[in-house]
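Visitor: what would the 3D arrangement of this be:
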Amino acid sequence: MTDLICIGSIAGSYGVQGEVRLKSFCAEPSDIAAYGPLCTEDGSRQFTVKLTRPVTGGYGARLSGITTKEQADALRGTALFVDRAKLPSLPDDEFYHADLIGLTVQDTGGVQLGRVTAVHNHGAGDLLEVQPSGPQPAILLPFTRAIVPTVDLSARRVIVDLPEGLD
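Guide: Numbering: from 1, shown residues only. Reported below is the predicted structural model:
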């Protein structure tokens, strides 16, 4: 598990005075500004976030040190991270995406299927991207209790009940 958790990204500039369009990955999207300064993945830059208004797909925001449209444009696609210690602890049946990446995936019979390489959400729920051990292409599995009945972080594994056609 990593000490940094991605909680948002910069979608581009908003206006001409250095505001950015901010996409929040928080359960409550406006919480992105509540965790203190956010940093880039490598920690080389840090930003204090002030939300200015809701915009399509996120928020308009001011970032410390960003005062021009060009500076805001240059940050497009930048992921924003916060130290895990600043985030609330989760109930037993909820997980940070970063905690799932790298877990071993096994079927209900104990056969190893691969590893979780990513967690995606395109609006209809979370999908686990599983890279099989062999040369097969990655598969996407809905991250639902029916398909993924067990997540065992201490054992670093998930148990999946594969849908018909994938087994």
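Visitor: what packs against the helix or strand bottoming out on mean pLDDT in the chain?
Guide: When each helix and strand of the chain is scored by mean pLDDT, DSSP states H and E, helix 97-100 comes last, with a mean of 88. On a contact count with 3 or more C-beta pairs under 8 Å, 6 or more residues apart in numbering; DSSP states H and E, helix 97-100 meets strand 4-13, strand 112-121. In this view, the C-beta of every residue, glycine as well, is placed from N, C-alpha and C.
Visitor: which other residues reach it?
Guide: 1-2, 4-6, 25, 116, 119, 126, 128, 143, 151, 153, 158 (C-beta atoms under 8 Å, 6 or more residues apart in numbering).
Visitor: is it possible to get JSON lines of the residues you listed that adds neighbour count?
Guide: Listed next are these as JSON lines, based on neighbours: other C-beta atoms under 10 Å:
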{"residue": "Met1", "neighbour count": "12"}
{"residue": "Thr2", "neighbour count": "14"}
{"residue": "Leu4", "neighbour count": "18"}
{"residue": "Ile5", "neighbour count": "19"}
{"residue": "Cys6", "neighbour count": "16"}
{"residue": "Phe25", "neighbour count": "16"}
{"residue": "Val116", "neighbour count": "24"}
{"residue": "Val119", "neighbour count": "17"}
{"residue": "Asp126", "neighbour count": "16"}
{"residue": "Leu128", "neighbour count": "25"}
{"residue": "Phe143", "neighbour count": "21"}
{"residue": "Val151", "neighbour count": "20"}
{"residue": "Leu153", "neighbour count": "13"}
{"residue": "Val158", "neighbour count": "25"}
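Visitor: what about Ala61, which helix or strand?
Guide: Using DSSP states H and E, Ala61 maps to strand 58-63.
Visitor: what's the angle between that strand and strand 4-13?
Guide: Relative orientation of strand 58-63 versus strand 4-13 (axes from the mean of the first three to the mean of the last three C-alpha atoms, to 10 degrees): 100 degrees.
Visitor: give the next helix or strand downstream of strand 58-63.
Guide: helix 69-74.
Visitor: chain center to that following helix: distance?
Guide: Here helix 69-74 is found 23 Å from its chain centre; the criterion is C-alpha atoms, centre = their mean, to the nearest Å.
Visitor: again, but for stretch 155-167
Guide: 21 Å.
Visitor: mean confidence for that stretch?
Guide: The average pLDDT for stretch 155-167 rounds to 84.
Visitor: which residues touch that stretch?
Guide: 100, 102-108, 113, 116, 128, 130, 139, 141, 146-152.
Visitor: need the contacts of helix 97-100 in CSV with distance to Leu38, can you?
Guide: Below are these laid out as CSV (distance: C-beta to C-beta, whole Å):
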residue, distance to Leu38
Met1, 19
Thr2, 15
Leu4, 10
Ile5, 10
Cys6, 10
Phe25, 11
Val116, 25
Val119, 20
Asp126, 22
Leu128, 26
Phe143, 25
Val151, 27
Leu153, 25
Val158, 29
